[in-house]
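>>> With the input below, show me the fold.
(chains A and B)
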Number of protein chains: 2
Amino acid sequence: MNENILPELKDVISAAAKISDVAVKTPLLKCEDMSQKLSAEIYVKAECLQRVGAFKFRGAYNRLSRLNDEEKKKGVVAYSSGNHAQGVAASAKLLGIDATIVMPEDSPKMKLQNTRNYGAKVVTYDRDKESREEIADNISKETGAIVVPSFEDFYIISGQGTVALEAVQQAEEKSVKFDIFMTPIGGGGLISGCSIAIKGVSPKTEIYGVEPDGFNDVQRSLESGKIESNARSSGTICDAILTQHPEKMTFTIMSNNLSGVLTVTDDEVLSAMKYAWEKMKLVVEPGASVALAAVLHGKIDVKGKKVCIVLSGGNVDEENFIKALNS
Amino acid sequence: MNENILPELKDVISAAAKISDVAVKTPLLKCEDMSQKLSAEIYVKAECLQRVGAFKFRGAYNRLSRLNDEEKKKGVVAYSSGNHAQGVAASAKLLGIDATIVMPEDSPKMKLQNTRNYGAKVVTYDRDKESREEIADNISKETGAIVVPSFEDFYIISGQGTVALEAVQQAEEKSVKFDIFMTPIGGGGLISGCSIAIKGVSPKTEIYGVEPDGFNDVQRSLESGKIESNARSSGTICDAILTQHPEKMTFTIMSNNLSGVLTVTDDEVLSAMKYAWEKMKLVVEPGASVALAAVLHGKIDVKGKKVCIVLSGGNVDEENFIKALNS
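The predicted structure is shown next:
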């Protein structure tokens, strides 16, 4: 696959067909409380209810199912702070492929354990001293395993786009057309895929991404017109979306399709997690709560609008969840 | 309505039509982790995602929507430890009816606050010293307000039955037929309505209810063949299903339709709440977790079976939820 070729709506539709037997068609839920308080119609796409507890399963399964038989025999290797790891591990198991996952040693315990439970081999590294790319490349050289990137990949992006395709279809069943569609941004795989789907099936819908304060590499990249990096590699509760910078493909797609990028603080994230727990009865992890936090904390004017917020995952440790409940 | 007439499948179908524009069609979710561990197919019907955070909205809305215009003008009064209160309050607001709710003063703070937020007048009482029935009757005599029972009512039971009707339809879409259908039991409104729906549309499915240890009034009633009461009116974490005894209608329906009643301890409930948080990303309150707890703790053999567990609500205080996370 030529790296200059960007996914299109047809590729998202193809991904949707590929994953339809194994992925959860997660519910699109209206939040009555927020809708009333904000004089808007607020819907959440509950991807925390997805297999492995995060949208990452969609892209990973789509990617792995495109490998040929020879590639499948060699196995796969991936690096990830957690949800991509689980997505690849679970997909590999379903498809009968060996998987090795390179994960930061400070990943949430639940994510490390779950990845192992899916039958993958886990190799840990020090986030501040070692390069996960190098470790994965070395494993690939030794074993011939295919490296599965966490976002910069045609099939990964197409797979993540099925979140939006599904949400728009579910909205249509309720005779709703979204004015605004919002997702968290890490490396940009989710919002890139979603933006391709949205531009294809609902072109008037505006697309916004949300990043943690101080880790706004995408916001700055879109402003400057070139790929910018984060100064730090740790220091936010939003571990799942801690990415150094977007890559060429996601940067290009986001530049083409996004109406803007917002940021939220860790405190705003904790309060959004508590809100999702109290009012929606959903468990949402910190990084997956940023778009909800942005709406709840007035970072975007939604009055009179129909808004879809992606709650992208729910894999959070007890410690951070209790912190949210006590916030 | 003659109190000797029991609801039938057609009444549940009628209720489903009545609530279809306002109730959430809650998702039926397969739990991959439990299914694998128990060599079974385990599904949950996530009624914690229902409007007001519990199935109670279904019965309350069905009941209130059957009042005639004169009755609607007089308003309604209900007594409840919480979820029925919220169901009646929210339904009354949607239908433009005044509501007064009699609630125990030790109800979870969230339930008291939410009931007020729906615009209802809340009257509190001492669970051990006062009779909520008397208080409600006095209000009814003074104002003419219609008393809305929490379970012993033709339309309430029919409304709650829509949980099972919907679950069976959703299962059919996945080509699944349930071998076992399980719900918590408080006064028996939920399981009575569900059992009527199940016997009508899926007669081979066995129906089990679950109660807290030491509050097994229904279990003992079905064993002795007459209505038995609980010795205590407090002393379990499962506040939402703390009912003294079934009434004539629910007792008769449960006697006709149930295959059995199981019990679980508070510790088993806490561990089930944590399991739902960790593996399903759902917030489930103690009383709503008893059926899940029974399956997780081996109170029923589900090997090789297709099982539907109703998670009936998610209205829980921070304190009890943190207790579950620390269990």
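>>> Next, count neighbours for the closest residue to chain B within the stretch 51-200 of chain A.
Closest to chain B within the stretch 51-200 of chain A is residue A:53: 5.7 Å, counting by CB to the nearest CB. Where you see a C-beta, it was placed from the backbone N, CA and C, and this is true even at glycine. Number of residues near residue A:53 (other CB atoms under 10 Å in any protein chain shown) recorded here: 30.
>>> low-scoring stretches of the stretch 151-300 of chain A, by residue?
By pLDDT under 70, the stretch 151-300 of chain A has no low-scoring segment.
>>> Enumerate the residues of it near chain B.
A:277-278, A:280-284 (CB under 8 Å from any CB of the partner chain).
>>> Mark which of the residues you listed are buried, thanks.
For those, a burial check counting by 16 or more other CB atoms under 10 Å in any protein chain shown picks out A:277-278, A:280-284.
>>> okay, the residue of the stretch 51-200 of chain A closest to chain B: pLDDT?
pLDDT recorded at residue A:53 is 95.
>>> Tell me which of the buried ones among the residues of the stretch 151-300 of chain A next to chain B fall in strands.
Of those, none are assigned to strands by DSSP state E.
>>> and of the residues you listed, the nearest to residue B:162?
residue A:281 (18.9 Å; CB to CB).
>>> Tally up the residues packed near the closest residue to that closest one other than its chain neighbours, please.
With sequence-adjacent residues excluded and distances taken as CB to CB, 6 or more residues apart in numbering or on different chains, residue A:281 is closest to residue B:314, at 3.5 Å. Around residue B:314 there are 29 other residues, counting by other CB under 10 Å.
>>> Residue A:180 too?
By other CB under 10 Å, 20 other residues sit near residue A:180.
>>> That one against residue A:301, yeah?
No: taking contacts as CB atoms under 8 Å, residue A:180 lies outside contact range of residue A:301: 9.6 Å.
>>> and the end-to-end length of stretch A:10-30?
28 Å (CA to CA, to the nearest Å).
>>> tell me the mean pLDDT over it?
Stretch A:10-30 shows a mean pLDDT of 98.
>>> Confirm residue A:181 sits in a strand?
Yes: judged by DSSP: H, G, I helix; E, B strand; the rest coil, residue A:181 forms part of a strand.
>>> sorry, back to before: list the contacts of the residue nearest to residue A:281.
A:281, B:48-49, B:53-54, B:282-285, B:288 (CB atoms under 8 Å, 6 or more residues apart in numbering or on different chains).
>>> do that again at 6 Å, thanks
A:281, B:48, B:53, B:283-285 (CB atoms under 6 Å, 6 or more residues apart in numbering or on different chains).
>>> quick one: it and residue B:110, what's the gap?
10 Å (CB to CB, to the nearest Å).
>>> if we can go back for a sec, shared neighbours of residue A:180 and residue A:301, which are they?
With CB under 6 Å, 6+ apart as the test, residue A:180 and residue A:301 reach no residue in common.
>>> Confirm for me that residue A:249 is in contact with residue A:151.
No: here residue A:249 does not reach residue A:151: they are 8.4 Å apart, not a contact under CB atoms under 6 Å.
>>> Tell me which helix or strand residue A:210 sits in.
strand A:206-212 (DSSP states H and E).
>>> helices or strands up against that strand?
strand A:180-184, helix A:189-201, strand A:260-264, helix A:290-296 (3 or more CB pairs under 6 Å, 6 or more residues apart in numbering or on different chains; DSSP states H and E).
>>> looking at these, which is closest to residue A:169?
helix A:189-201 (8.1 Å).
>>> Please name every helix or strand in contact with the closest one.
Against helix A:189-201 (3+ CB pairs under 6 Å, 6+ apart) you get helix A:9-19, helix A:154-160, helix A:162-173, strand A:180-184, strand A:206-212, helix A:248-257.
>>> Turn these into TSV, including distance to residue A:60.
TSV is the format used below for these (distance: least, CB to CB, whole Å):
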stretch	distance to residue A:60
helix A:9-19	10
helix A:154-160	7
helix A:162-173	12
strand A:180-184	17
strand A:206-212	21
helix A:248-257	16
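>>> Residue B:201: which of the helices and strands packed on strand A:206-212 is closest?
Proximity to residue B:201, assessed across the helices and strands packed on strand A:206-212 by CB to CB, is greatest for helix A:189-201 (35.2 Å).
>>> so how far is chain B from residue A:269?
17 Å (CB to the nearest CB, to the nearest Å).
>>> Just confirm that residue is within a strand.
No: under three-state DSSP, residue A:269 sits outside any strand and is assigned helix.
>>> my read: it touches residue A:293, true?
Yes: between residue A:269 and residue A:293 there is a contact under CB under 6 Å: 5.0 Å.
>>> Now for those two: what residues contact both?
Both residue A:269 and residue A:293 lack any common contact, where contact means CB under 6 Å, 6+ apart.
>>> so where's the stretch 1-150 of chain A uncertain?
Along the stretch 1-150 of chain A, segments meeting pLDDT under 70 span A:1-3.
>>> Domain ranges for chain A, per the record?
A:9-55+A:155-325, A:57-150 (automatic domain parsing).
>>> Name the stretch among those that sits most buried.
Among the domains of chain A, the stretch with the highest mean neighbour count (mean count of other CB atoms under 10 Å in any protein chain shown) is domain A:9-55+A:155-325, at a mean of 22.
>>> How far does it stretch from one end to the other?
End-to-end span of domain A:9-55+A:155-325 (CA to CA): 40 Å.
>>> Show me what from the stretch 1-150 of chain A comes close to chain B.
Neighbours of chain B within the stretch 1-150 of chain A, by CB under 6 Å from any CB of the partner chain: A:27, A:48-49, A:53.
>>> what's the residue of chain A positioned farthest from its centre in contact with, if anything?
No residue in chain A sits farther from the centre than residue A:142, which is 29.7 Å out by CA atoms, centre = their mean. Counting by CB under 6 Å, 6+ apart, residue A:142 touches no other residue.
>>> Repeat that for the one 3 residues further on.
Under the criterion of CB under 6 Å, 6+ apart, the contact list for residue A:145 reads A:74-77.
>>> just residue A:315 next, same as before
By CB under 6 Å, 6+ apart, the neighbours of residue A:315 are A:53, A:110-111, A:285.
>>> Among the residues you listed, which ones are in helices?
Judged by DSSP state H, the subset of the contacts of residue A:315 located in helices is A:110-111.
>>> How far does stretch A:217-236 sit from its chain's centre?
Distance of stretch A:217-236 from its chain centroid, counting by CA atoms, centre = their mean, to the nearest Å, is 17 Å.
>>> Now the residue nearest in space to the middle of chain A: closest residue in space, sequence neighbours ignored.
Note on chain A: the residue nearest the mean C-alpha position is residue A:190, at 4.6 Å, using CA atoms, centre = their mean. Leaving out its chain neighbours, the residue that sits closest to residue A:190 by CB to CB, 6+ apart is residue A:160, at 4.6 Å.
>>> isn't the one you found right up against residue A:189?
Yes: between residue A:160 and residue A:189 there is a contact under CB under 6 Å: 5.0 Å.
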